[in-house]
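Model the structure of this input:
(one chain, ligands or ions: 1)
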Amino acid sequence: MLPAYISHPDCLKHTMGEQHPESPERIGAINDMLLIKGLLDFMQPFDAPLASEKQLAQAHSLLHIHTMAALSPVDGSVQVDPDTSMNPHTYRAALRAAGAAVLAVDLVLGKGAGSAFCNVRPPGHHAEHNAAGGFCFFNNVAVGIRHALNVHGLERVALVDFDVHHGNGSEDILHGDERVLMCSIFEDKIYPFCGNQPRGPNMLNVALPARSGGDVMRAAVSAQWLPALERFRPQLIVVSAGFDGHRDDDMGNLGLVEADYAWLTKQIVAVAQRHCQGRIVSCLEGGYELSSLARSAAAHVKVLLGLDD
Ligand SMILES: [Zn+2]
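Modelled structure (predicted):
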(Lines give C-alpha, C1' and ligand atoms only; values in the text may rest on other atoms or scores of the structure.)
Protein backbone atom coordinates (compact mmCIF):
# COMPACT_ATOMS: atom_id res chain seq x y z
CA MET A 1 0.00 0.00 0.00
CA LEU A 2 2.12 2.87 -1.30
CA PRO A 3 1.65 6.38 0.11
CA ALA A 4 -0.40 8.76 -2.03
CA TYR A 5 1.08 11.79 -3.80
CA ILE A 6 -1.66 14.30 -4.58
CA SER A 7 -1.29 17.40 -6.74
CA HIS A 8 -2.96 19.10 -9.71
CA PRO A 9 -1.92 21.34 -12.65
CA ASP A 10 -4.58 23.88 -11.60
CA CYS A 11 -2.44 24.65 -8.54
CA LEU A 12 0.17 26.17 -10.91
CA LYS A 13 -2.28 28.61 -12.54
CA HIS A 14 -2.91 30.68 -9.41
CA THR A 15 -0.38 33.51 -9.20
CA MET A 16 -0.21 36.64 -7.08
CA GLY A 17 2.34 38.51 -9.25
CA GLU A 18 5.82 37.68 -10.50
CA GLN A 19 7.59 38.90 -7.38
CA HIS A 20 5.31 37.14 -4.94
CA PRO A 21 7.09 34.46 -2.86
CA GLU A 22 4.07 32.13 -2.84
CA SER A 23 4.82 31.19 -6.44
CA PRO A 24 3.70 28.35 -8.75
CA GLU A 25 7.36 27.30 -8.99
CA ARG A 26 7.13 25.93 -5.44
CA ILE A 27 5.07 22.96 -6.63
CA GLY A 28 7.47 22.14 -9.46
CA ALA A 29 10.53 22.48 -7.24
CA ILE A 30 9.15 19.90 -4.81
CA ASN A 31 7.92 17.61 -7.58
CA ASP A 32 11.33 17.72 -9.33
CA MET A 33 13.22 16.94 -6.13
CA LEU A 34 10.94 14.00 -5.28
CA LEU A 35 11.44 12.75 -8.84
CA ILE A 36 15.23 13.17 -8.83
CA LYS A 37 15.54 11.41 -5.50
CA GLY A 38 13.44 8.51 -6.77
CA LEU A 39 10.81 9.03 -4.08
CA LEU A 40 7.92 9.29 -6.53
CA ASP A 41 8.67 5.67 -7.54
CA PHE A 42 7.37 4.69 -4.11
CA MET A 43 4.17 6.75 -4.26
CA GLN A 44 0.78 6.48 -5.99
CA PRO A 45 0.00 9.69 -7.91
CA PHE A 46 -3.50 11.18 -7.74
CA ASP A 47 -5.05 14.34 -9.21
CA ALA A 48 -6.62 16.52 -6.53
CA PRO A 49 -10.41 16.75 -6.96
CA LEU A 50 -12.36 19.98 -6.44
CA ALA A 51 -13.68 20.28 -2.90
CA SER A 52 -17.46 20.59 -2.81
CA GLU A 53 -19.31 23.42 -1.08
CA LYS A 54 -20.56 20.91 1.48
CA GLN A 55 -16.99 19.82 2.26
CA LEU A 56 -15.74 23.41 2.58
CA ALA A 57 -18.70 24.26 4.82
CA GLN A 58 -17.40 21.81 7.42
CA ALA A 59 -14.71 24.41 8.15
CA HIS A 60 -15.96 27.70 6.68
CA SER A 61 -19.09 29.81 6.73
CA LEU A 62 -21.22 29.77 3.59
CA LEU A 63 -20.72 33.53 3.52
CA HIS A 64 -16.96 33.07 3.22
CA ILE A 65 -17.28 30.40 0.52
CA HIS A 66 -19.70 32.55 -1.49
CA THR A 67 -17.57 35.67 -0.99
CA MET A 68 -14.51 33.89 -2.40
CA ALA A 69 -16.52 32.69 -5.40
CA ALA A 70 -17.95 36.17 -5.98
CA LEU A 71 -14.54 37.87 -5.70
CA SER A 72 -13.00 35.53 -8.28
CA PRO A 73 -12.08 37.82 -11.20
CA VAL A 74 -12.78 37.09 -14.88
CA ASP A 75 -9.46 38.75 -15.71
CA GLY A 76 -6.80 40.71 -13.87
CA SER A 77 -6.51 40.30 -10.14
CA VAL A 78 -8.41 41.17 -6.97
CA GLN A 79 -6.67 41.96 -3.69
CA VAL A 80 -7.98 40.04 -0.67
CA ASP A 81 -5.48 41.37 1.88
CA PRO A 82 -2.22 43.33 1.37
CA ASP A 83 -0.30 40.09 0.67
CA THR A 84 -3.03 37.94 -0.87
CA SER A 85 -4.77 38.24 -4.22
CA MET A 86 -6.88 36.22 -6.62
CA ASN A 87 -6.42 35.77 -10.36
CA PRO A 88 -8.99 34.02 -12.60
CA HIS A 89 -7.56 30.61 -11.62
CA THR A 90 -7.23 31.10 -7.87
CA TYR A 91 -10.67 29.93 -6.82
CA ARG A 92 -10.31 26.65 -8.69
CA ALA A 93 -6.77 26.10 -7.35
CA ALA A 94 -8.07 26.71 -3.81
CA LEU A 95 -10.82 24.13 -4.38
CA ARG A 96 -8.16 21.65 -5.59
CA ALA A 97 -5.94 22.27 -2.55
CA ALA A 98 -8.83 21.63 -0.15
CA GLY A 99 -10.03 18.72 -2.29
CA ALA A 100 -6.55 17.17 -2.03
CA ALA A 101 -6.88 17.03 1.75
CA VAL A 102 -10.33 15.41 1.44
CA LEU A 103 -9.05 12.81 -1.03
CA ALA A 104 -6.00 12.14 1.16
CA VAL A 105 -8.27 11.47 4.14
CA ASP A 106 -10.50 9.18 2.04
CA LEU A 107 -7.47 7.21 0.80
CA VAL A 108 -5.77 6.87 4.17
CA LEU A 109 -8.95 5.95 6.06
CA GLY A 110 -10.30 3.81 3.21
CA LYS A 111 -7.09 1.77 3.06
CA GLY A 112 -6.18 3.00 -0.44
CA ALA A 113 -2.93 4.45 0.92
CA GLY A 114 -1.04 4.22 4.19
CA SER A 115 -0.25 7.93 4.22
CA ALA A 116 -0.45 10.87 1.83
CA PHE A 117 1.48 13.98 0.85
CA CYS A 118 -0.42 16.82 -0.85
CA ASN A 119 1.86 18.99 -3.00
CA VAL A 120 -0.71 21.74 -3.48
CA ARG A 121 -1.16 25.49 -3.29
CA PRO A 122 -2.60 27.89 -2.25
CA PRO A 123 -1.70 26.98 1.32
CA GLY A 124 -4.44 27.05 3.93
CA HIS A 125 -3.48 27.41 7.57
CA HIS A 126 -4.07 31.17 7.79
CA ALA A 127 -7.61 30.92 6.34
CA GLU A 128 -10.14 31.38 9.14
CA HIS A 129 -13.76 30.25 9.42
CA ASN A 130 -14.88 33.49 7.87
CA ALA A 131 -11.78 35.06 6.31
CA ALA A 132 -9.00 34.57 3.77
CA GLY A 133 -5.53 36.00 4.39
CA GLY A 134 -1.80 35.30 4.58
CA PHE A 135 -1.71 33.71 1.07
CA CYS A 136 -4.60 31.37 2.09
CA PHE A 137 -8.23 31.14 0.90
CA PHE A 138 -9.62 27.90 2.30
CA ASN A 139 -8.13 25.98 5.21
CA ASN A 140 -7.12 22.74 3.53
CA VAL A 141 -6.14 20.81 6.66
CA ALA A 142 -9.25 21.92 8.59
CA VAL A 143 -11.50 20.83 5.71
CA GLY A 144 -9.73 17.45 5.66
CA ILE A 145 -9.94 17.05 9.44
CA ARG A 146 -13.66 17.84 9.58
CA HIS A 147 -14.19 15.38 6.72
CA ALA A 148 -12.41 12.68 8.77
CA LEU A 149 -14.52 13.50 11.84
CA ASN A 150 -17.92 14.20 10.32
CA VAL A 151 -17.98 11.86 7.33
CA HIS A 152 -15.69 9.01 8.42
CA GLY A 153 -16.79 9.24 12.05
CA LEU A 154 -13.35 9.47 13.65
CA GLU A 155 -13.35 10.63 17.26
CA ARG A 156 -9.79 11.98 17.62
CA VAL A 157 -7.66 13.68 14.95
CA ALA A 158 -4.35 15.43 15.73
CA LEU A 159 -3.14 18.40 13.69
CA VAL A 160 0.57 19.15 13.86
CA ASP A 161 1.73 22.43 12.31
CA PHE A 162 5.46 23.12 12.00
CA ASP A 163 5.27 26.09 9.62
CA VAL A 164 7.33 29.05 10.87
CA HIS A 165 4.07 31.04 11.15
CA HIS A 166 1.34 30.14 13.60
CA GLY A 167 -1.70 28.47 12.00
CA ASN A 168 -4.13 31.08 13.21
CA GLY A 169 -6.78 29.99 10.72
CA SER A 170 -6.66 26.39 11.88
CA GLU A 171 -6.87 27.56 15.48
CA ASP A 172 -9.81 29.84 14.62
CA ILE A 173 -11.73 26.94 13.05
CA LEU A 174 -10.76 24.08 15.36
CA HIS A 175 -10.46 25.64 18.83
CA GLY A 176 -13.06 24.20 21.17
CA ASP A 177 -13.54 21.09 19.02
CA GLU A 178 -12.47 18.48 21.55
CA ARG A 179 -12.19 15.85 18.81
CA VAL A 180 -9.07 17.71 17.64
CA LEU A 181 -5.70 18.31 19.28
CA MET A 182 -3.70 20.99 17.45
CA CYS A 183 0.03 21.15 18.14
CA SER A 184 1.74 24.22 16.68
CA ILE A 185 5.33 25.40 16.80
CA PHE A 186 6.05 28.79 15.32
CA GLU A 187 8.36 31.75 15.54
CA ASP A 188 7.29 34.28 18.12
CA LYS A 189 6.50 37.89 17.18
CA ILE A 190 6.10 37.44 13.43
CA TYR A 191 2.97 37.17 11.24
CA PRO A 192 0.16 36.51 12.20
CA PHE A 193 1.23 37.94 15.59
CA CYS A 194 -0.87 35.59 17.69
CA GLY A 195 -0.81 32.11 19.18
CA ASN A 196 0.81 32.96 22.51
CA GLN A 197 -2.59 32.76 24.18
CA PRO A 198 -4.21 29.49 23.06
CA ARG A 199 -7.91 29.92 22.25
CA GLY A 200 -8.94 26.58 23.74
CA PRO A 201 -7.76 23.62 25.80
CA ASN A 202 -7.30 21.59 22.61
CA MET A 203 -4.64 24.04 21.36
CA LEU A 204 -0.98 23.39 22.18
CA ASN A 205 0.84 26.44 20.87
CA VAL A 206 4.60 26.63 21.31
CA ALA A 207 6.16 29.97 20.37
CA LEU A 208 9.90 29.77 19.71
CA PRO A 209 12.16 32.84 19.88
CA ALA A 210 13.82 34.02 16.68
CA ARG A 211 17.14 32.29 15.92
CA SER A 212 16.46 29.51 18.42
CA GLY A 213 17.61 26.75 16.02
CA GLY A 214 16.89 23.07 15.65
CA ASP A 215 17.95 21.95 19.13
CA VAL A 216 15.46 24.27 20.83
CA MET A 217 12.71 23.16 18.44
CA ARG A 218 13.47 19.49 19.13
CA ALA A 219 13.49 20.03 22.89
CA ALA A 220 10.15 21.87 22.75
CA VAL A 221 8.53 19.18 20.62
CA SER A 222 9.87 16.42 22.89
CA ALA A 223 8.75 18.13 26.08
CA GLN A 224 5.40 19.50 24.94
CA TRP A 225 4.02 17.95 21.76
CA LEU A 226 4.93 14.31 22.22
CA PRO A 227 3.43 13.72 25.70
CA ALA A 228 0.22 15.48 24.63
CA LEU A 229 -0.01 13.40 21.45
CA GLU A 230 0.54 10.20 23.45
CA ARG A 231 -2.28 11.10 25.83
CA PHE A 232 -4.58 12.08 22.97
CA ARG A 233 -4.15 8.77 21.07
CA PRO A 234 -4.99 10.17 17.62
CA GLN A 235 -6.79 7.99 15.09
CA LEU A 236 -5.28 10.10 12.28
CA ILE A 237 -2.52 12.73 12.19
CA VAL A 238 -2.81 15.63 9.76
CA VAL A 239 0.29 17.74 9.15
CA SER A 240 0.50 21.39 8.18
CA ALA A 241 3.88 20.99 6.51
CA GLY A 242 5.47 24.41 6.17
CA PHE A 243 9.18 24.59 5.48
CA ASP A 244 9.68 28.36 5.86
CA GLY A 245 11.51 27.87 9.16
CA HIS A 246 14.53 26.72 7.13
CA ARG A 247 17.63 28.84 7.69
CA ASP A 248 17.81 29.69 3.96
CA ASP A 249 14.22 31.01 3.92
CA ASP A 250 13.96 34.67 4.82
CA MET A 251 10.27 34.44 5.78
CA GLY A 252 11.39 33.41 9.25
CA ASN A 253 14.39 33.09 11.50
CA LEU A 254 14.14 29.75 13.25
CA GLY A 255 17.29 28.42 11.57
CA LEU A 256 16.00 24.90 10.87
CA VAL A 257 17.67 22.55 8.39
CA GLU A 258 16.58 19.44 6.46
CA ALA A 259 17.68 17.15 9.30
CA ASP A 260 15.30 18.98 11.66
CA TYR A 261 12.35 18.36 9.34
CA ALA A 262 13.37 14.71 9.04
CA TRP A 263 13.59 14.43 12.84
CA LEU A 264 10.19 16.09 13.30
CA THR A 265 8.64 13.76 10.75
CA LYS A 266 10.15 10.74 12.52
CA GLN A 267 8.47 11.78 15.77
CA ILE A 268 5.12 12.18 13.98
CA VAL A 269 5.50 8.81 12.23
CA ALA A 270 6.35 7.12 15.55
CA VAL A 271 3.19 8.49 17.20
CA ALA A 272 1.12 7.48 14.17
CA GLN A 273 2.55 3.96 14.22
CA ARG A 274 1.76 3.57 17.92
CA HIS A 275 -1.80 4.86 17.75
CA CYS A 276 -3.24 4.82 14.23
CA GLN A 277 -1.50 2.30 11.98
CA GLY A 278 0.77 5.03 10.63
CA ARG A 279 -2.07 7.07 9.12
CA ILE A 280 -0.69 10.52 8.21
CA VAL A 281 -2.07 13.14 5.83
CA SER A 282 0.50 15.86 5.14
CA CYS A 283 -0.40 19.08 3.30
CA LEU A 284 2.07 21.67 2.05
CA GLU A 285 1.81 25.08 3.71
CA GLY A 286 4.72 27.58 3.52
CA GLY A 287 8.33 27.41 2.30
CA TYR A 288 9.43 30.04 -0.18
CA GLU A 289 13.13 29.61 -0.94
CA LEU A 290 12.82 27.05 -3.68
CA SER A 291 15.97 25.01 -3.12
CA SER A 292 15.61 24.59 0.64
CA LEU A 293 11.85 24.07 0.24
CA ALA A 294 12.44 21.20 -2.18
CA ARG A 295 15.18 19.62 -0.07
CA SER A 296 13.16 19.93 3.15
CA ALA A 297 9.97 18.55 1.60
CA ALA A 298 11.97 15.62 0.21
CA ALA A 299 13.46 14.92 3.64
CA HIS A 300 9.91 14.98 5.08
CA VAL A 301 8.49 12.68 2.39
CA LYS A 302 11.41 10.27 2.63
CA VAL A 303 10.63 9.69 6.31
CA LEU A 304 6.90 9.38 5.56
CA LEU A 305 7.84 6.65 3.08
CA GLY A 306 9.92 4.85 5.69
CA LEU A 307 13.03 5.17 3.53
CA ASP A 308 15.13 7.10 6.04
CA ASP A 309 17.90 5.23 7.80
ZN1 LIG B 1 4.52 30.12 6.88
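
what about whichever strand or helix holds Asn205, average pLDDT?
Per DSSP states H and E, Asn205 falls inside strand 203-208. Averaged across strand 203-208, pLDDT comes to 98.

Please name the strands paired to that strand in the sheet, noting orientation.
Its sheet considered, strand 203-208 pairs with strand 180-187 (parallel) by DSSP bridges.

what distance separates the strand it pairs with from the centre of its chain?
12 Å (C-alpha atoms, centre = their mean, to the nearest Å).

buried sites along it?
With burial defined by 16 or more other C-beta atoms under 10 Å, the residues of strand 180-187 counted as buried are 180-187. Backbone N, C-alpha and C define where each C-beta goes, glycine included.

Do me a favour and get the end-to-end distance for stretch 207-214?
Start-to-end span of stretch 207-214 (C-alpha to C-alpha, to the nearest Å) is 14 Å.

contacting residues around it?
Stretch 207-214 has contacts (C-beta atoms under 8 Å, 6 or more residues apart in numbering) with 166, 185-190, 195-196, 216-217, 220, 252-257, 259-260, 263.

Out of those, which sit inside helices?
216-217, 220, 259-260, 263 (DSSP state H).

okay, the residues you listed in TSV with distance to the ion next?
Formatted as TSV, the ones in helices among the contacts of stretch 207-214 follow (distance: C-beta to the ion, whole Å):
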residue	distance to the ion
Val216	18
Met217	15
Ala220	17
Ala259	20
Asp260	15
Trp263	19
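
Looking at the residues you listed, which two lie furthest apart in space?
Ala220 and Ala259 (16.4 Å; C-beta to C-beta).

These two - which one has more neighbours?
More neighbours surround Ala220 than the other of Ala220 and Ala259, with 15 against 11 (other C-beta atoms under 10 Å).

Can you tell me the closest non-neighbouring residue to the more buried one?
Leaving aside its chain neighbours, Ala220 sits nearest to Val206 (5.0 Å; criterion: C-beta to C-beta, 6 or more residues apart in numbering).

cool, Cys276 as well?
Gln235 (5.0 Å).

how about the one you found, what does it touch?
Residues near Gln235 by C-beta under 8 Å, 6+ apart: 154-157, 275-276, 279.

how near is it to the ion?
27 Å (C-beta to the ion, to the nearest Å).

With Val164 instead?
Note on Val164: its distance to the ion, by C-beta to the ion, is 5 Å.

near the ion, which residues of the stretch 51-200 of the chain?
163, 165 (C-beta under 5 Å from the ion).

ok, Gln277 - contacts?
Shown in contact with Gln277 (C-beta under 8 Å, 6+ apart): Gly114.

Do a quick rundown of the strands in the stretch 51-200 of the chain.
Ranges of strands in the stretch 51-200 of the chain, per DSSP state E, counting those that start in this stretch, are 78-81, 84-86, 115-118, 157-161, 180-187.

That'll do, ta.
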